[in-house]
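A.B. asks: this is the structure alone, sequence omitted:
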């Protein structure tokens, strides 16, 4: 995330109003709700976990033991059961 100088993106009168509340502090302005992204969409983590979980499920479906899968994927057996 990069920072922008408020004077470069907002009208001066709005900057003065904001300064009444947060003078010189950092202020995070979130995305509009309809434009927010889900966790892992930018980094690819979401897709990576989906593929991993599908792989675990297939191995289990074809006879792999939960404890073996837990060790192979560095998960607890309880976490592993969530994939089935």
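C.D. replies: On my side now, so go ahead. Small disclaimer: the values here were computed from a predicted structure and weren't measured.
A.B. asks: list the buried residues for stretch 45-56?
C.D. replies: The neighbour-count check on stretch 45-56 (16 or more other CB atoms under 10 Å) flags 53, 56 as buried. In short, each C-beta sits where N, CA and C put it, glycine included.
A.B. asks: average pLDDT for it?
C.D. replies: Here stretch 45-56 scores 91 as its mean pLDDT.
A.B. asks: and stretch 9-25, by the same measure?
C.D. replies: 93.
A.B. asks: helices or strands up against the top helix by length along the chain?
C.D. replies: In the chain, with assignment by DSSP state H, the single longest helix is helix 45-61. Under the contact criterion of 3 or more CB pairs under 8 Å, 6 or more residues apart in numbering; DSSP states H and E, helix 45-61 touches helix 66-72.
A.B. asks: tell me what the helix it packs on is packed against?
C.D. replies: Applying 3+ CB pairs under 8 Å, 6+ apart, one finds that helix 66-72 contacts helix 45-61, helix 77-81.
A.B. asks: where does residue 77 land on pLDDT?
C.D. replies: pLDDT, residue 77: 69.
A.B. asks: can you check residue 82 too?
C.D. replies: The per-residue pLDDT reported for residue 82 equals 67.
A.B. asks: centre of the chain to the longest helix of the chain, how far?
C.D. replies: Chain-centre distance of helix 45-61: 18 Å, with CA atoms, centre = their mean, to the nearest Å.
A.B. asks: about what we covered before: make JSON lines out of the helices and strands packed on helix 66-72 and add distance to residue 8.
C.D. replies: Listed next are the helices and strands packed on helix 66-72 as JSON lines, based on distance: least, CB to CB, whole Å:
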{"stretch": "helix 45-61", "distance to residue 8": "32"}
{"stretch": "helix 77-81", "distance to residue 8": "46"}
